[in-house]
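Just a sequence and a predicted model for now, questions to come.
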Amino acid sequence: MAIDDQQPPEGEDEGLGRESHRERTIRMRAIAALANTLVGMKPPQLAAVGLPEEIAEAVVACQGFKKNARARQLRRIGGLLRAADLAPIEAGVREAQTGKGERSRREQTYEIWRTQLLTGGGAAMTAFVTAHPGADVQALRQRVRMATREPESPRGKGAARELLRMIRVLGEATLAAKLAGAASSADEPDDDAPDDDAPDDDDAVDEDDADDEPDGDPSAS
């Protein structure tokens with residue numbers, strides 16, 4: 001009897017380890033939806049997903065197809081997805097769509113800082129400079145004044161963009177300094193750690209005892 005024709009032993013759940021028709025339908029629809037989502041993503045988002053090379057190439061190719069050719073390519077992408085680990089792909093898509101990546105989170109923080117500097121007055125400036133010791137306070141204040149004086153003018157909008165750029169540069173520099181400091185601290189030796197080269201107390205020879213020891217065998221003289 002062929003392997004495919006074998007039946008599970010009597011009394012054993014026939015559905016054990018097998019996918020029901022309903023489950024398969026749901027999975028196929030989810031894969032089709034994922035394929036369409038990938039094809040509809042912009043290049044920066046698609047790059048952030050981290051697709052396997054073959055799937056990424058198929059998706060990019062599909063984006064240039066029309067009608068029937070596009071439908072055939074979508075089916076091919078579906079086949080590739082069925083053979084792939086979907087968990088990291090789905091996680092990458094969610095992150096790209098919701099903007100919850102690490103860089104996106106930092107960018108949101110910079111936007112918040114800009115809003116606070118534009119609306120929070122001196123207190124906000126003090127808080128920002130405290131968090132970013134290398135900040136040029138005079139340049140920041142100049143951008144804030146220009147952005148708040150004429151917020152809808154090209155000059156005001158340009159000042160707001162420049163303010164965000166300055167905040168971003170300072171934020172990235174501050175983060176880099178923190179990471180470098182953490183790495184430096186990890187490399188420093190622990191003063192409290194025992195010295196591997198130092199002799200143990202049990203192995204150390206007492207100087208007085210060493211002086212009392214004879215220089216040679218008395219019987220030799």
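Nice, I can see it.

quick check: mean pLDDT across the helix ranked longest in the chain?
Using DSSP state H, we find that the single longest helix of the chain is helix 154-187. For helix 154-187, mean pLDDT rounds to 83.

in it, what's buried?
Of all the residues in helix 154-187, those buried under the rule 16 or more other CB atoms under 10 Å are 156, 159-160, 163-164, 166-168, 170-171. Quick note: C-beta positions are derived from backbone N, CA and C, even for glycine.

Of those, which is the nearest to residue 35?
residue 168 (35.1 Å; CB to CB).

all helices in this structure, in order from the N-terminus.
Assigned by DSSP H, the chain shows helices spanning 21-39, 43-49, 53-63, 67-82, 86-98, 102-119, 121-131, 137-149, 154-187, 207-212.

Pick out the shakiest of those, pLDDT-wise.
Among the helices of the chain, helix 207-212 scores lowest, at a mean of 47.

Let me know the closest of the buried residues of helix 154-187 to residue 60.
Top of the list for closeness to residue 60, among the buried residues of helix 154-187 and by CB to CB, is residue 168 at 29.6 Å.

is it true that the closest one touches residue 109?
No - using CB atoms under 8 Å, residue 168 is not in contact with residue 109; the gap is 9.6 Å.

just to revisit the earlier point, and the buried residues of helix 154-187 as CSV, adding distance to residue 44?
Shown next, in CSV, are the buried residues of helix 154-187 (distance: CB to CB, whole Å):
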residue, distance to residue 44
156, 28
159, 27
160, 23
163, 24
164, 19
166, 23
167, 22
168, 17
170, 24
171, 20
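
what's the most distant pair in those residues?
Spanning the widest gap among these are 156 and 171, at 22.5 Å by CB to CB.

Now do the buried residues in stretch 33-51.
In stretch 33-51, counting by 16+ other CB under 10 Å, buried: 34-35, 37-39, 41, 45-46, 48-49, 51.

Run the chain-centre distance for that stretch.
Centroid separation for stretch 33-51 versus its chain: 18 Å, with CA atoms, centre = their mean, to the nearest Å.

mind saving the C-alpha coords of that stretch as PDB?
Only the C-alpha atoms of stretch 33-51 are listed here, as PDB (Å, rounded to 0.1, in the frame of the first residue of the first chain):
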ATOM      1  CA  ALA A  33      -3.900  38.800   0.900                       C
ATOM      2  CA  LEU A  34      -0.200  38.900   2.100                       C
ATOM      3  CA  ALA A  35       0.900  38.700  -1.600                       C
ATOM      4  CA  ASN A  36      -1.300  41.600  -2.600                       C
ATOM      5  CA  THR A  37      -0.100  43.600   0.400                       C
ATOM      6  CA  LEU A  38       3.600  43.000  -0.600                       C
ATOM      7  CA  VAL A  39       3.000  44.000  -4.200                       C
ATOM      8  CA  GLY A  40       1.200  47.200  -3.100                       C
ATOM      9  CA  MET A  41       4.000  48.300  -0.900                       C
ATOM     10  CA  LYS A  42       6.400  51.100  -1.800                       C
ATOM     11  CA  PRO A  43      10.100  50.300  -2.300                       C
ATOM     12  CA  PRO A  44      11.300  51.600   1.100                       C
ATOM     13  CA  GLN A  45       8.600  49.700   3.000                       C
ATOM     14  CA  LEU A  46       9.300  46.500   1.000                       C
ATOM     15  CA  ALA A  47      13.000  46.800   1.800                       C
ATOM     16  CA  ALA A  48      12.200  47.100   5.500                       C
ATOM     17  CA  VAL A  49      10.300  43.900   5.500                       C
ATOM     18  CA  GLY A  50      13.400  41.800   4.800                       C
ATOM     19  CA  LEU A  51      11.900  39.300   2.300                       C
END
